Each structure stands twice: as structure tokens, then as C-alpha cells.
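[1] coords below, sequence missing:
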Ligand SMILES: CCCCCCCCCCCCCCCC(=O)SCCNC(=O)CCNC(=O)[C@H](O)C(C)(C)COP(=O)(O)OP(=O)(O)OC[C@H]1O[C@@H](n2cnc3c(N)ncnc32)[C@H](O)[C@@H]1OP(=O)(O)O
């Protein structure tokens, strides 16, 4: 069963057998992760072994049952691209397609193509492979900084993160087993902003979350860009269908496994202004449409001091979950 357990993660009988088998496999894998020296922080989650000039290998943690977490694959692909770019250029946009489910028990190999090195802009294409098949493709563009006018809209009024409960505490109360295995806590602090009882406009779903890296990160802008990419794949998929269900998972009465199959199809990020991913970032998300088994969602990403630091767009497969094979 490859259903992504959103918004109410697994813990029910439906997924328990797989989970127990997974525990033994995971023990072996964690051992080998330690042997490889990968740490439980962003530098560890994004660490890549360089096999050749433009060829890298990385490992994904568990986290999304039966498939590698797309945010980690995208962030590792971006890390690989960044390793081939001169240090005076920062990433300003990326576009990726999730083509096959990644298997977190096996490494991913990242090949980087140097598409263009211009005077101002640098373009890279990355393919992430497993077993000789492409799992994810990324196009990323980097540029030298320029001094021009700075215009942005104002941040919407939002309760600050310090006034909101830790998302994991609520999660743990509702999903104790799942919580114990969540990899996300190792790298992300999260606060859910309670939304209005009714959507602001018919057909529109909205949700806001504060997120930041759980540990202080080194002063490497590329690492902060990759951390944002990682975090940005967590809650856009649910926001395409789950305006009511995401808040529901945070309440005590959340007891039913999700009946929705959600998986990220493609992902785009535009980075606007310098930021630190170890400081609070507000992901203000909205989804104006879901149809034909696909939902589209946008996130405006704000720093705590009201700077618009990025935009994220994602298309997601959103279907009723199959409980047995066709
Ligand atoms: C408080 C703190 C908590 C922190 C914790 C928070 C977590 C709470 C948020 C979580 C949020 C998650 C968000 C994840 C976001 C990603 O990370 S998802 C991972 C990244 N994306 C991917 O892996 C997608 C990769 N791409 C693909 O898998 C394929 O291209 C696609 C999109 C499925 C299309 O493939 P296709 O072969 O053309 O399509 P199709 O035949 O329809 O389906 C292929 C397979 O998909 C599966 N599938 C398709 N439809 C269904 C369905 N309706 N039901 C079940 N399975 C299905 C089946 O395995 C199917 O294979 P078969 O069983 O038919 O053999």
C-alpha cells in the first residue's frame, strides 16, 4: 500500500504489519547510516558522497511510508547542483518532477549536467536515479546578486510562532506510534496556525504553518535554500484537499486513517531574498483548484520580520486511496 497517510498518519491495523517489518530493516539501515557518518540534522540529511566530478550519491531517511520523502530527494538534488556552481552564485529557482517512488532503503545517484554558465546566470539539470531508472529530475538556476529596486507585498497578519503550540506535541497525542518514528522532528520545528472556520472564498483551501530548522545551521546560504526545499514538500500536498482534515489531525478526535492517496508530482521554488532556515519561516499556503485527480497549491514563504523570501508551487496527485490492488 503506497498511500501517503495524510492527514491522519498510519498507526491503524492497515499499516501495522508493514511497519513492524520496516522496524527490523530500519535498524540495519540506521546502523549503516551511522557507518556512513550521516547525522540527524540538515547537513547529515543532505550529505552527498562525490563519486566523480558531476556524480553524487545520497541516502534518504524513512518518513513517508513506502516512498522516500520528496522534499529530501529535491533538497539532495539541489545540493548536488550547487556543488558544481561557483560560490558567488545563489540559487534563485528550481523546477522538479517526481517520476517514480524513491526507495529509502537504497541510495540515490545524482548526475548533474552543466547546461550553461553565463556571465550572470548558471543553469544545471539533475537526474536522481535508482536501479538505473530516473526517480526525480531537477532544473535549477543560479545567479550573481544584483542591486535593484526592492518591492514586495506586506505579510498577512498572522499569530507569531511563540504563541502557538508545538505541532509535534499534538501529533504525538494523536499518533503516538507514528510520532516515535517521525524523522521530521529531528530537523524541523513546526507550529500550525489555526485557520478561519470557513475558507475565505468558495473552493479555496488555505493553511499556514511556521517552520524552522530545529538546529542552528552553518552560515552557508545553499544549505538554507536546501532546508527550505526540504520543508516545502511537507504540507502543500495536504493543502490541496485537506482544508478541514489537516486541522482535524491535530484534534483529539482524529482517529481514522486517511482515505486519500497524495503524492507530489512536480515542485517549483522561487527564492527572492536572503534568509536563514534556522529562523522561523511562515508558509502561507492556498490551493485554488483540485480536479482530475490533481490538486495545485501555492505557498508564500515569509521571514518572521515580514520579508517575502520565497514562493513554492506544487501539483499533487490527489485521489481516493485504493485499499487493494486493481
Ligand atoms: C507534526 C509533525 C508531523 C510531521 C509529519 C507530517 C506529515 C504530514 C504531511 C505528509 C505530507 C506528505 C507529503 C508527501 C510529499 C512526498 O514526499 S510524496 C513523495 C514524492 N513523490 C513521489 O514519490 C511521486 C513519484 N511518482 C510516482 O510515484 C508516479 O509518477 C505516479 C505519480 C504515482 C504516477 O505513476 P503512474 O504509473 O503513471 O500511475 P498509477 O499507475 O496511477 O500509479 C502508480 C502507483 O502509485 C500508487 N497509487 C496510485 N494511485 C493510488 C491510489 N489511489 N491508492 C493507492 N496507491 C496508489 C500505486 O502504488 C500504483 O502502483 P500499482 O499499485 O497500481 O502497481
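    Received the coordinates, thanks. Bear in mind that the values here come from a model prediction, so they are computed numbers and not experimental data.
[2] OK, contacts around the closest residue to the ligand within the chain?
    When distances are taken as CB to the nearest ligand atom, the chain reaches nearest to the ligand at residue 70, 2.8 Å away. Every C-beta, even on glycine, is put in place using the N, C-alpha and C of the backbone. Neighbouring residues of residue 70 by CB atoms under 8 Å, 6 or more residues apart in numbering: 64, 98, 102, 136, 233, 263, 264, 267.
[3] Looking at those residues, which are in strands?
    98, 136, 263, 264, 267 (DSSP state E).
[4] filter these by proximity to the ligand?
    Intersecting the ones in strands among the contacts of residue 70 with the contacts of the ligand gives 98, 263, 264 (criterion: CB under 6 Å from any ligand atom).
[5] quick one on the thing from earlier: quick one: which of the ones in strands among the contacts of residue 70 is nearest residue 130?
    Nearest to residue 130 out of these is residue 136 (CB to CB; 9.3 Å).
[6] Surely that closest one touches residue 97?
    Yes: using CB atoms under 8 Å, residue 136 and residue 97 qualify as a contacting pair, with a distance of 6.9 Å.
[7] which of the two has more neighbours?
    residue 136 (26 against 15; other CB atoms under 10 Å).
[8] For the residue located most distally from the centre of the chain, grab phi and psi.
    Residue farthest from the centre of the chain, counting by CA atoms, centre = their mean, is residue 119 at 31.5 Å. For residue 119, the backbone dihedrals (degrees, to the nearest 10) come out as phi -70, psi -40.
[9] before we move on, what about the one 4 residues further on?
    Backbone geometry at residue 123, expressed as degrees, to the nearest 10, gives phi -120, psi 140.
[10] So what's the residue count around it?
    Other residues near residue 123 number 17, with proximity taken as other CB under 10 Å.
[11] if we can go back for a sec, quick one, which of the ones in strands among the contacts of residue 70 are buried?
    Buried members of the ones in strands among the contacts of residue 70, scored by 16 or more other CB atoms under 10 Å, are 98, 136, 263, 264, 267.
[12] Model confidence at the last one, what's the number?
    If I follow you right, that is residue 267. Here, the pLDDT recorded for residue 267 equals 98.
[13] Kindly report the same for the second one.
    The predicted local confidence for residue 136 comes out at a pLDDT of 98.
[14] Spell out the secondary structure type for the nearest residue to residue 124 once chain neighbours are set aside.
    Sequence neighbours aside, residue 81 is the residue nearest to residue 124 in space, at 4.1 Å (criterion: CB to CB, 6 or more residues apart in numbering). Put simply, residue 81 is helix when judged by DSSP: H, G, I helix; E, B strand; the rest coil.
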